[in-house]
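Novice: Just the structure for this:
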Amino acid sequence: MTDWLNLQRVTGGYGASQVLFGITLSVGIGEVVTLMGRNGMGKTTTVRSIMGLNPITGGEITIDGQSIRRLKSHQIAQLGIGYVPEGRQVFPNLTVVENLIATAANRFEVDSPWTLEKVLDLFPKLALLSSHYARTLSGGEQQMLAIGRALMTNPKFMILDEATEGLAPKIRDEIWRVLEHNLKQSGQAILVIDKHPEAMARLADRHYIMDKGSLVWEGDSESLLNSSQMMEQYLGV
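Specialist: Residues are numbered from 1 along each chain as shown. Alright, predicted model coming up:
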């Protein structure tokens, strides 16, 4: 499988404080991969490094075979990344529809692109709230909106940071359903940061687990579910 995203021995952090210690991971074209671990272990720093929001101090990151080390964050996004950041970061003073169309694009001339109608079909709850300001939405509704906004850029690759953190079980299940039955089946490459191994085992092809800035485990879904001691040690389940 050809890698769309590839990190090789990446180090980095914040100022003089090192957070990442030799991260090596990859996501292939059409593949869904998870990055799991407890809070504060370096997952979001890894994502921010991929997006050019945190400079790396060592190693290499390539996207579709191209080094991104000298690129600014907006240039990295324009390579085809749909980014759903931790905390969602929707535009609070815009309506649902305005959020969705604000960054809409079909830069790569996809034959059957994501449109406003398709996103609202994907998340029927957003269709009912289409004229509501984003600040009035619940956390789960904002997360759906953030995913929809990323899809409206028609990305080659998506990153979902803390995809279901703090959401009600019913909303979590809805988001996982969309990821598994809509996006994965359409061949969308995705890196998902989450903390629910059983749900991630159903969704993803491969998994990485992070602890204290290093990757401590890698494997497929069957191996993940058979590694109860490892999950208890690093995920607390």
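Novice: pLDDT weak spots in this structure?
Specialist: Along the chain, the parts satisfying pLDDT under 70 run over 1, 237.
Novice: hmm, 80 instead?
Specialist: 1-2, 237 (pLDDT under 80).
Novice: For it, which segments count as strands?
Specialist: Applying DSSP state E to the chain gives strands spanning 3-14, 17-28, 32-36, 56-63, 66-67, 81-84, 157-160, 189-193, 206-211, 214-220.
Novice: Which residues does the longest helix that the chain contains contact?
Specialist: As assigned by DSSP state H, the longest helix anywhere in the chain is helix 139-151. Applying Cβ atoms under 8 Å, 6 or more residues apart in numbering, the contact partners of helix 139-151 are 82-85, 88-90, 96, 99-100, 102-103, 114, 119-120, 122-123, 125-126, 129, 134, 137, 158, 160, 163-164, 166-168, 171-172, 174-175, 178. Heads up, the C-betas are built off the backbone N, CA and C, glycines and all.
Novice: May I see the ChimeraX selection of the buried members of the residues you listed?
Specialist: In ChimeraX syntax, the buried subset of these is picked out as below (16 or more other Cβ atoms under 10 Å):
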select :82,83,84,85,88,90,96,99,100,114,119,120,122,123,125,126,129,134,137,158,160,163,164,167,171,172,174,175,178
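Novice: my guess is Trp114 meets Met152, correct?
Specialist: Yes: at 5.6 Å, Trp114 counts as touching Met152 under the criterion of Cβ atoms under 8 Å.
Novice: Contacts only, for the nearest residue to Glu60 once chain neighbours are set aside.
Specialist: Sequence neighbours aside, Gln8 is the residue nearest to Glu60 in space, at 4.8 Å (criterion: Cβ to Cβ, 6 or more residues apart in numbering). Gln8 makes contacts with Thr24, Gly59, Glu60, Ile61, Thr62, as judged by Cβ under 8 Å, 6+ apart.
Novice: The same query, at a cut-off of 6 Å, please.
Specialist: Residues in contact with Gln8 (Cβ atoms under 6 Å, 6 or more residues apart in numbering) are Thr24, Gly59, Glu60.
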